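Novice: Return atomic coordinates for the entry below.
(one chain, ligands or ions: 2)
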Amino acid sequence: MTKVPEMFGSMVFNDKVMQERLPKATYKALKKTVENGEPLDEGVANVVANAMKDWAVELGCTHFTHWFQPMTGVTAEKHDSFIQPFGDSVIMEFSGKELIKGEPDASSFPSGGIRATFEARGYTTWDPTSPAFVRDGSLYIPTAFCSYTGEVLDKKTPLLRSMERLSGEAVKVLHLLGKTDVKRVATTVGPEQEYFLVDKDLYDQRVDLKLCGRTLFGAMAPKGQELEDHYFGSIKTRVAAYMKELDEELWKLGILAKTKHNEVAPAQHELAPIFSTSNIATDHNELTMEIMQKVAERHNLVCLLHEKPFKGVNGSGKHNNWSISTNTGENLLSPGKHPETNYQFQLFLAAIVKAVDEYQDLLRITVASAGNDHRLGANEAPPAIISMYLGDDLDALVRSIINGNDYESHGKERMHTGVDVLADFKKDNSDRNRTSPFAFTGNKFEFRALGSALNIACPNYMLNTMVAEELSQFYEALKGADNMEAAVKALVRETLTAHQRIIFNGDNYSDEWVEEAERRGLYNLKSLPEALSHFMDEKNVNLFVKNNIISEDELHARYEIDLETYCKQLNIEALTMVDMARKNITPAVSLFVRELTDTALSKKALSDSISVNVELNLINSLTVQLEQFAALTDELESEIRAAAAIDDNQEKAFAYRNKVFAKMEALREVGDEMETHTAADYWPYPSYTELLFGV
Ligand code: ADP
Ligand code: MG
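Specialist: Ligands and ions are numbered 1, 2, ... in the order given. This is a model prediction of the structure:
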């Protein structure tokens with residue numbers, strides 16, 4: 001068996017491989033590009049490409065692909081072989097040009113109308129800050145994707161830009177504070193990924209899971225998550241085998257898979273990596289989601305990444321742990337032993353508080369999706385209201401700054417276990433408030449409103465950009481100050497006072513909070529159409545344009561794409577429901593009613609004195625329900641037609657939410673009710689009991 005350290009990164013063209021395989025001068029030039037963002041010349045690129053190709057071929061590769069993240073939400077790849085004709089034979093070649101630039105046909109990727117199809121050319125450019133890797137016989141080169149005229153067509157480019165922007169602004173502020181040795185700062189991310197595993201044979205019998213990733217019908221199983229026995233429970237053999245193989249596949253690709261455990265819902269699990277730089281964390285999370293699904297196939301399982309595969313039990317999310325650290329190794333969100341005199345920490349904290357308050361709507365928008373609409377505000381994920389949790393200690397500090405009082409630390413309270421053999425341990429100061437969408441957890445913020453399937457590039461570029469913006473304003477406010485410490489203290493106090501409404505340490509699931517948040521003037525954007533109606537608000541457009549992240553046109557394109565995707569997804573779900581209702585559920589229930597009728601008639605024929613009450617009652621109730629069901633199916637179909645005919649995407653999205661989705665819910669209710677009264681042999685789909693407890 002290969003040892004983990006040998007296995008780790010064995011499929012990655014990482015620093016170690018580069019040192020071994022590149023001439024010293026080339027290695028140095030490449031390092032400069034990676035670390036300082038200096039442009040790479042073609043001579044260097046040729047040498048790197050050749051070394052990459054030799055390495056990849058030794059690992060069995062025949063092809064290479066530029067790997068990018070278009071606006072579809074999934075990654076894209078197009079494989080070219082290394083072959084070049086040479087006499088009667090071929091040789092394996094890979095040039096610097098091929099490494100740096102690719103030209104996939106961009107016409108079939110969503111562009112939100114910014115690129116006419118006649119100008120179909122799109123370009124992928126190598127992102128040397130994220131290492132190339134080998135998978136399934138191909139060399140994968142992480143790239144950014146843009147159009148011929150330079151419009152950004154992917155999720156990666158704005159992320160890279162936002163990281164540079166935040167770095168620049170943070171460094172300026174740090175220099176004002178005397179930290180002149182800091183050259184760069186990087187944002188770091190550790191995304192915790194939730195998922196479900198279901199048996200492949202059962203999955204294959206559910207058209208809703210296959211087409212939509214979630215069940216559209218399905219009566220709740222007699223048992224759900226109420227015993228709370230699944231969370232951190234012992235892992236079943238088949239799942240454990242899956243997780244082991246998954247870890248190994250991820251380790252080979254240099255992904256720092258660290259923690260695995262069962263989650264709250266039956267059949268639900270989580271995988272968390274050790275954090276890394278935002279763009280690498282993004283690439284790695286995309287890879288993790290792909291590999292989760294690939295490895296599942298080998299175990300006759302299906303990995304569901306949808307935010308709400310099953311009604312009645314928790315859905316899946318993703319926690320985006322986020323921090324900022326300097327090239328000198330300092331975590332800027334670490335409060336240290338004395339946060340009350342750590343003005344640098346306070347300044348960065350104030351910037352984040354201001355950012356989250358001023359751009360709450362953007363944070364809500366960035367996690368909006370058809371799938372996540374089922375979770376936010378449903379008491380299993382944070383509410384649709386964005387607020388921040390600071391924990392007792394930090395909250396006390398913020399109060400003392402606002403009120404001008406002395407700050408008293410609670411210190412670390414000793415936690416007494418009451419058992420002599422167990423050592424007393426120190427209680428974490430920022431005890432976790434699981435209900436908060438944006439929580440301070442010791443030395444990082446945890447943005448918890450993300451859906452499980454989301455590409456984390458979006459929330460991160462938005463977060464980075466809004467914090468960069470606040471830091472640039474802070475820099476302008478502080479730069480001429482005679483007494484920097486006094487100026488920082490005043491600015492922190494002023495900022496925290498102005499934005500304290502965004503801080504909330506209580507129970508985010510409570511009804512009181514919804515009312516309180518309204519009094520505070522916070523947004524409560526309950527669904528994607530509501531959230532997106534703020535996307536193009538002037539302050540949001542200004543944020544991205546001023547910080548050179550994306551242009552107004554590009555932002556508008558993203559807005560249109562998000563709305564279109566939402567409408568298309570709901571359209572597919574609604575059509576699938578109509579299909580299931582007419583072709584499978586209605587005939588099945590009708591057949592069962594006939595069986596009951598036959599039974600009743602036979603009983604009567606045998607003897608008039610035998611009771612047929614059970615059959616009669618069931619025949620009656622199922623017949624009434626079946627009529628309702630058929631009527632609702634017709635109504636759903638008309639709602640779909642009406643919504644699909646609307647031109648304006650924003651209006652259309654509202655129609656899908658308020659009309660189509662509402663009708664889907666009504667149809668499901670009757671369908672699920674019939675399921676509970678129909679013999680299992682007649683019901684056309686595997687039940688929730690089988691799906692949730694079948695592995
Ligand atoms: P949990 O939230 O389940 O209690 P942890 O607090 O241990 O888990 O960490 C969750 C995630 O936060 C992990 O992926 C971890 O690597 C990540 N993390 C820790 N420190 C940082 C940091 N400075 N920046 C970004 N992510 C971090
Ligand atoms: Mg967490």
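
Novice: Would you indicate which residues of the lengthiest helix in the chain are buried?
Specialist: If you go by DSSP state H, the chain has its longest helix at helix 613-644. Buried residues in helix 613-644, counted by 16 or more other CB atoms under 10 Å: 615, 618-619, 622, 625-626, 628-629, 632-633, 636-637, 639-640, 643-644. (Glycine included, C-beta is placed from N, CA and C.)

Novice: and of those, the nearest to Pro222?
Specialist: Using CB to CB, Leu618 comes nearest to Pro222 of those, at 19.8 Å.

Novice: wait, doesn't that closest one sit right on Glu595?
Specialist: No - between Leu618 and Glu595 there is no contact under CB atoms under 8 Å: 10.2 Å.

Novice: Any residues of this structure in contact with ligand 2? List them.
Specialist: Proximity of the chain to ligand 2, by CB under 5 Å from the ion, involves residues 192, 319.

Novice: For the chain, which residues score under the pLDDT cut-off?
Specialist: 1, 115-120, 409-432 (pLDDT under 70).

Novice: Indicate the residue of it located nearest to ligand 1.
Specialist: Of all residues in the chain, the one sitting closest to ligand 1 is Gly190 (2.5 Å; CB to the nearest ligand atom).

Novice: and that residue, what element?
Specialist: For Gly190, the host element (DSSP states H and E) is strand 185-199.

Novice: Adjacent strands (with direction) for that strand?
Specialist: Strand pairing for strand 185-199, using DSSP bridges, gives strand 268-273 (antiparallel), strand 276-277 (antiparallel), strand 301-304 (antiparallel), strand 317-326 (antiparallel).

Novice: can you put the ones you listed in JSON lines and add distance to Met92 and mean neighbour count?
Specialist: Converted to JSON lines, these look like this (distance: least, CB to CB, whole Å; neighbours: other CB atoms under 10 Å):
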{"stretch": "strand 268-273", "distance to Met92": "33", "mean neighbour count": "22"}
{"stretch": "strand 276-277", "distance to Met92": "32", "mean neighbour count": "18"}
{"stretch": "strand 301-304", "distance to Met92": "35", "mean neighbour count": "24"}
{"stretch": "strand 317-326", "distance to Met92": "39", "mean neighbour count": "23"}
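
Novice: how far is stretch 167-175 from where the chain is centred?
Specialist: On the basis of CA atoms, centre = their mean, to the nearest Å, stretch 167-175 is displaced by 29 Å from the centre of the chain it belongs to.

Novice: quick one: buried residues of it?
Specialist: Buried positions in stretch 167-175, judged by neighbour count with 16+ other CB under 10 Å: 167-174.

Novice: Equivalent analysis for stretch 62-80, please.
Specialist: Under the neighbour-count rule (16+ other CB under 10 Å), stretch 62-80 has 63-71, 73, 75-77 buried.

Novice: ok, now stretch 498-507?
Specialist: By neighbour count on 16+ other CB under 10 Å, the buried set for stretch 498-507 is 499-500, 502-505.

Novice: Go through those residues and flag which are in helices.
Specialist: Of the positions in these, His499 sit in helices, assigned by DSSP H.

Novice: From the buried residues of stretch 498-507, pick the one nearest Glu518.
Specialist: Of all those, Glu518 sits closest to Phe504, with 12.6 Å by CB to CB.

Novice: what's the closest non-adjacent residue to the closest one?
Specialist: Of all residues not flanking Phe504 in the chain, Ser387 sits nearest, at 4.1 Å (CB to CB, 6 or more residues apart in numbering).

Novice: I'd assumed Ile503 was in contact with that neighbour.
Specialist: Yes - contact criterion CB under 8 Å: Ser387 and Ile503 qualify, at 7.0 Å.

Novice: Just give the number of residues close to the residue nearest to Thr187 when sequence neighbours are not counted.
Specialist: Leaving aside its sequence neighbours, Thr187 sits nearest to Ser278 (CB to CB, 6+ apart; 4.6 Å). Ser278: 26 surrounding residues under other CB atoms under 10 Å.

Novice: again, but for Glu93
Specialist: A count of nearby residues for Glu93, using other CB under 10 Å, gives 14.

Novice: I'd like to know how far it sits from Leu563.
Specialist: Counting by CB to CB, to the nearest Å, the gap between Glu93 and Leu563 amounts to 44 Å.

Novice: As a check, name the ranges of all helices in the stretch 401-550 of the chain.
Specialist: For the stretch 401-550 of the chain, the helices defined by DSSP state H, counting those that start in this stretch occupy 457-478, 484-499, 511-520, 528-532, 538-546.

Novice: so can I have a markdown table of these showing distance to ligand 1?
Specialist: Converted to a markdown table, those look like this (distance: least, CB to the nearest ligand atom, whole Å):
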| stretch | distance to ligand 1 |
| --- | --- |
| helix 457-478 | 11 |
| helix 484-499 | 22 |
| helix 511-520 | 22 |
| helix 528-532 | 25 |
| helix 538-546 | 23 |
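
Novice: circling back: how many neighbours does the residue of the chain closest to ligand 1 have?
Specialist: Residues near Gly190, counting by other CB under 10 Å: 21.
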